[in-house]
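A.B. asks: With the input below, show me the fold.
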Amino acid sequence: MTSGLMLFVIIAVAIVGSVVLISRYRWHPFIVLLLAAYFVGMSGGLGVDMTISKITEGFGGILGSIGIVIIAGTIIGTILEKTGAALTMANTILNIVGSKKAPLTMSLTGAVTSIPVFCDSGFVILSPINRALAEKSNTSLAVMATALSSGLYATHCLVPPTPGPIIMAGTLNADLGMLILVGLGVAIPVLFAGYFYATRISSRFFIEANPEATVEQLVERYGSLPAKGKSFMPILVPIILIALKSISDFPSYPFGDGTLRAIFNFFGNPVTALLIGVGLAMRLMPKEEKGNGFSWVSSGIGQAASILAITGAGGALGLILRELPIADALSGGLLQYNIGLLLPFIIAALLKTAMGASTVAMIITSAMVAPLMGEMGMTSSLGRILVVLAIGAGSMVVSHANDSYFWVVSQFSDMDTKTAYKTQTGVTGVQGVVAIIIIMLIGFIFL
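C.D. replies: Prediction:
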């Protein structure tokens, strides 16, 4: 099996080649990502059988974890748009915050949502509101998508109870309560860095919101828009259920370890929660449209098809990369240098960029640096927390073609791949760099 410098050359060729084929030659990402998976697997020495096996396993694995969530989310979004509920939500939010603050509203909403909810699921759930707010505030969907995506990302990588930070805290024996507080302190400026990137850089790209219908058309068709409470329920109920599950899974088991936790685990599973959201969305359908429920659901499933194909292909490439000895290659290089908090940051950033999955990068990096905590001088309570956060910062850099989140954001926001590289990839790079600067400043002052 290929290792060392040649392994990174193969990965770099695959990444650059994918960017060129998708952006310059307009090849479909589904085809390009599968070709990249074949190239990396075969060139990396996995062999024919292993390469094909891991491609199919990776494709099915990612769809098994978020496929139903994506389909359910697109069905909810379709119904919210067709009934005008998304516009009701947009009107309600804009009346409170004002149209000029719509991107900041989505950044903050994303940050709060992603503390208990995976960023992929959070973006799918909040996408209908994001699109409706873009329409009502006359803001480019590129700006709104970047603001929402970066808000979700800030807490996803830095604040428990998302799985990555919790697992790292366990591996590195970091105090969870203190990690939440310090993580929030770092995540706030990281969130605003993402917001400023959205309003300054992503604003250069205008993407129409393309709602299903205007307010006037919906009022003419149905007589009125849905009520506020019923409009928000398909979004809020799944978020609350998922949040309760995350809280119930806390190491201290705040709801106990019996029946109540089992109930939250069932109803708070993203698949179950989103299906409940579909049921609540169906209640919004006007009486005259009840007979069209099948076609409305079919429309949502049809919209999800392309997203599922690209996300699955990204999962295939991601698993191929995870099968290669990337961590071993790093251990022969970077691990011999004692560069403080930059060490876990760089390792996590390289793993994230190569493999695509932030959580996987967090888990592998924390396991690699755990034996080095003493040599790094990071055995104090704050030192352990800063190492966890440095790994989280590295796991942000960067989201691109081998990351399922990249495709969720771009496909749910009508972005072409070239624009997505300049918005989603760019903002995650900026957020990671801002995060490690803040973390190193904290270490310089308090350690």
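A.B. asks: Helix, strand, or coil at Leu225?
C.D. replies: The local conformation at Leu225, judged by DSSP: H, G, I helix; E, B strand; the rest coil, is coil.
A.B. asks: May I have the phi/psi pair for it?
C.D. replies: Backbone torsions of Leu225, given as degrees, to the nearest 10, read phi -80, psi 160.
A.B. asks: Do you know the pLDDT at it?
C.D. replies: Leu225 is assigned a pLDDT of 80 by the prediction.
A.B. asks: Could you check how far it is from Ala154?
C.D. replies: Distance, Leu225 to Ala154, by Cβ to Cβ, to the nearest Å: 32 Å. For every residue, glycine as well, the C-beta is placed using N, CA and C.
A.B. asks: now Thr272
C.D. replies: 27 Å.
A.B. asks: Which one's more surrounded, the two?
C.D. replies: Set Thr272 next to Ala154 and count neighbours by other Cβ atoms under 10 Å: Ala154 wins out with 33 against 18.
A.B. asks: for that one, what are its contacts?
C.D. replies: Counting by Cβ atoms under 8 Å, 6 or more residues apart in numbering, Ala154 touches 110-111, 114, 187-188, 190-191, 194, 431.
A.B. asks: swap in Thr379?
C.D. replies: Met373.
A.B. asks: what about it, is that helix, strand or coil?
C.D. replies: Look at Thr379: counting by three-state DSSP, its state is coil.
A.B. asks: Against Leu343, how distant is it?
C.D. replies: Using Cβ to Cβ, Thr379 is found at 15 Å from Leu343.
A.B. asks: sorry, back to before: how about the contacts of Ala154 in TSV, adding neighbour count?
C.D. replies: Listed next are those as TSV, based on neighbours: other Cβ atoms under 10 Å:
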residue	neighbour count
Gly110	27
Ala111	26
Ser114	28
Ala187	26
Ile188	16
Val190	30
Leu191	26
Gly194	30
Gln431	29
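A.B. asks: In helices only, show me the residues you listed.
C.D. replies: Applying DSSP state H to these, the entries found in helices are 110-111, 187-188, 190-191, 194, 431.
A.B. asks: What are the contacting residues of stretch 101-113?
C.D. replies: Contacts to stretch 101-113, defined as Cβ under 8 Å, 6+ apart, come from residues 93-94, 97, 119, 122-123, 125-126, 129-130, 133-134, 136-137, 139, 143-144, 147-155, 187, 191-192, 194-195, 198-199, 239.
A.B. asks: List the buried residues for it?
C.D. replies: Neighbour-count burial for stretch 101-113 flags 102-111, 113 (criterion: 16 or more other Cβ atoms under 10 Å).
A.B. asks: Centre of the chain to it, how far?
C.D. replies: 14 Å (Cα atoms, centre = their mean, to the nearest Å).
A.B. asks: Now for Gly77: which residues touch it?
C.D. replies: By Cβ under 8 Å, 6+ apart, Gly77 lies in contact with 86, 124, 127-128, 131, 300, 303.
A.B. asks: Ok, Ala142 next?
C.D. replies: Ala142 sits next to 202-203, 205-207, 413, 415, 419, 423 when contact means Cβ under 8 Å, 6+ apart.
A.B. asks: Which among those residues count as buried?
C.D. replies: Listed as buried from those are 202-203, 205, 207, 413, 415, 419, 423; burial here means 16+ other Cβ under 10 Å.
A.B. asks: in this protein, which ranges drop under the pLDDT threshold?
C.D. replies: Scanning the chain with the threshold set as pLDDT under 70 gives 1-4, 116, 212-216, 218-223, 326-338.
A.B. asks: Could you list the buried residues of the strand or helix carrying Ala309?
C.D. replies: Ala309 belongs to helix 293-323 when assigned by DSSP states H and E. Across helix 293-323, burial judged by 16+ other Cβ under 10 Å covers 296-297, 299-300, 303-304, 307-323.
A.B. asks: Can you list which of the contacts of stretch 101-113 are found in helices?
C.D. replies: Per DSSP H, the subset of those in helices is 93-94, 97, 119, 122-123, 125-126, 129-130, 133-134, 136, 143-144, 147-155, 187, 191-192, 194-195, 198-199, 239.
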